[in-house]
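[1] let me see the structure of the following:
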Amino acid sequence: MVIRPSLPSTLSFVLVSALVTGCGDDGGGGGNDELGDTAGSEDSDTTGGESTSGSEDGETGSDSGDTSTSGTDAGTSTDTSTDTSTDTETDTDTETGTDTDTSTDTDTGTETDTDTDTGDNPLWTTPSLWYSVEDRLIYIDIDEADGSVVELVASTITTPLVDGQNGLTMLEDGSLLGSRESPGETQIFWIPEPPTDGSDVEATILGVVPDNLRIEALYTDCEGLVYLMDTGVDVGSSEGNRLIRFTGDYLGGDLSYEVITDLGESSVADIDDMSPGIDGMGAVTDGTGFAIDSGTVYDFNYNFGTGTLKGQGGTWGVHALGGPLFLDGVARLYLLNSDAELFEASPQDLVVSPVLVTGPTPNGDAPAGWSGLAGPLTECETTIDPQ
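    Presented below is the predicted three-dimensional model:
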């Protein structure tokens, strides 16, 4: 909008002598184009033990905004002020100011923020449990109100996997990282988008753990780093047991590792599955967690390899779900037995509930619950310190 002040008639003569024949105002507004790139990398510091290699894996997200304003103010103010200054000073100031402000300020405001950050993956922020046996991936939907089971859904894994004991852990993006142990090797696989509707799913084979290690369990800590339980010389004793951690880009196939804790003298004979812990305030911990060995559950310190017997329950699967996943803010502990029966257990004294749900019978001869138990991990601070 152009605001033009009104001139007194006594100045008309000056205007005529100046012969202002016209004026033009043409304005254009250039839009700002802001592009922001954010890269986050997670680098696991290998501060002790055997280390073979390390890598950095980053995620990129883009945030762009485009604001364009085109203002074409064509103000053709044709001032035909024919001031014939006679004695009667007929000021015919017919200011036909056709100030046609055609400023089509078409600010389309297309701030197309292309930031694809749609928030946390719902599988990471809602209570659920997962396990896998043979060619099946099992999803258990947990009620956020009381921790009961809403439903159990089985999907078929169409990718051939090693026939062996299954380890499983959930990564921060809601994907699942799995292991299949057999004499002489352990296969590592990845399921980027685990289905919750029973549809078939493919697994990405990442490779075999170096040095012919036999891995029985996987574990994700509070920083998103992935740990493995090396079962040592056999699957029945603590001889050669070690807690190790991936140092390479494991999703890219680099399965290099470092030793975090030597568990050869551990008070637990052989750890079949690892879970986050629950402290006295009900918060999730990772340096101290729950370890299960063929139905015996320990409150276990992963740094020192020492454990306190909690009681009996389950067989090979254990996992704790943090309080923020539930409406009442109370953390819960779950156990899976060899018959694929799921229980809730008291973190304090391991009093076990009645069976919550029972999983399907495998097509082959594997025990129905031959797997570790996985689920999301709520925000916490790591207390795992390499020695």
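[2] let me know the average pLDDT across stretch 337-353.
    Summarised as a single mean, pLDDT over stretch 337-353 is 97.
[3] what are the contacting residues of that stretch?
    For stretch 337-353, the external contacting residues (C-beta atoms under 8 Å, 6 or more residues apart in numbering) are 129, 131, 133, 138, 140, 147, 149, 278, 290, 295, 297, 310-317, 320, 331-336, 354-361, 367-370. Backbone N, C-alpha and C define where each C-beta goes, glycine included.
[4] could you redo the last one with a cut-off of 7 Å?
    With C-beta atoms under 7 Å, 6 or more residues apart in numbering as the contact definition, stretch 337-353 has outside contacts at 140, 147, 149, 278, 297, 310-311, 313-316, 331-336, 355-359, 367-370.
[5] in it, which residues are buried?
    Of the residues in stretch 337-353, those scored as buried under the neighbour-count criterion (16 or more other C-beta atoms under 10 Å) are 337-338, 340-345, 347, 350, 352.
[6] cool, and stretch 186-193?
    Applying a neighbour-count criterion of 16+ other C-beta under 10 Å, one finds 186-189, 191 buried in stretch 186-193.
[7] what is the nearest of those residues to Phe304?
    For Phe304, the nearest member of these is Thr186. The distance, counting by C-beta to C-beta, is 24.9 Å.
[8] wasn't the closest one part of a helix?
    No - secondary structure assignment places Thr186 outside any helix; it is strand (DSSP: H, G, I helix; E, B strand; the rest coil).
[9] my read: it touches Leu213, true?
    Yes - the pair formed by Thr186 and Leu213 meets the contact definition of C-beta atoms under 7 Å, at 6.0 Å.
[10] can you list the buried residues of stretch 337-353 in CSV and add distance to Leu251 and secondary structure?
    Shown next, in CSV, are the buried residues of stretch 337-353 (distance: C-beta to C-beta, whole Å; DSSP: H, G, I helix; E, B strand; the rest coil):
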residue, distance to Leu251, secondary structure
Asn337, 31, coil
Ser338, 31, coil
Ala340, 28, coil
Glu341, 33, strand
Leu342, 29, strand
Phe343, 32, strand
Glu344, 32, strand
Ala345, 32, strand
Pro347, 32, coil
Leu350, 35, coil
Val352, 36, strand
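[11] what's the closest of those to Met229?
    The shortest distance between Met229 and any of the buried residues of stretch 337-353, using C-beta to C-beta, involves Ser338 and amounts to 18.2 Å.
[12] hey, where'd the helices end up in this structure?
    12-18, 122-125 (DSSP state H).
[13] tell me the mean pLDDT for the longest one?
    Read it as helix 12-18. Predicted confidence along helix 12-18 averages 36 (mean pLDDT).
[14] and if you look at the last one?
    Averaging pLDDT along helix 122-125 yields 84.
[15] ditto for stretch 174-188
    When pLDDT is averaged over stretch 174-188, the result is 95.
[16] name the residues that touch it?
    Counting contacts by C-beta under 7 Å, 6+ apart, the residues outside stretch 174-188 that touch it are 121, 123-124, 130, 132, 161-162, 164-171, 189-194, 205-209, 212-216, 218, 226, 250, 255, 374.
[17] cool, and stretch 199-210?
    Contacts with stretch 199-210, where a contact means C-beta under 7 Å, 6+ apart, come from 137, 155-159, 161, 185-192, 194-195, 215, 250-251, 253, 255.
[18] okay, and which of those map to strands?
    Here DSSP state E is the test, and the contacts of stretch 199-210 give 137, 155-156, 185-191, 215 as lying in strands.
[19] for those, which one is nearest Phe326?
    Within those, the smallest distance to Phe326 is 23.9 Å, found for Leu137 (C-beta to C-beta).
[20] name the residues linked to that closest one by a beta bridge.
    Beta-bridge pairing for Leu137 (DSSP bridges): Ser132, Ser155.
[21] quick one: the strands in the stretch 101-250 of the chain?
    128-133, 136-142, 149-156, 165-170, 176-182, 185-191, 204-208, 215-220, 226-230, 242-246 (DSSP state E, counting those that start in this stretch).
[22] tell me the mean pLDDT for the fourth one?
    I take that to be strand 165-170. Model confidence over strand 165-170, given as mean pLDDT, is 97.
[23] what's the answer for the first one, then?
    The predicted model assigns strand 128-133 a mean pLDDT of 98.
[24] coming back round to it: now distance to Ile384 too, for the strands of the stretch 101-250 of the chain, in TSV please.
    Converted to TSV, the strands of the stretch 101-250 of the chain look like this (distance: least, C-beta to C-beta, whole Å):
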stretch	distance to Ile384
strand 128-133	23
strand 136-142	26
strand 149-156	31
strand 165-170	14
strand 176-182	17
strand 185-191	20
strand 204-208	23
strand 215-220	10
strand 226-230	8
strand 242-246	8
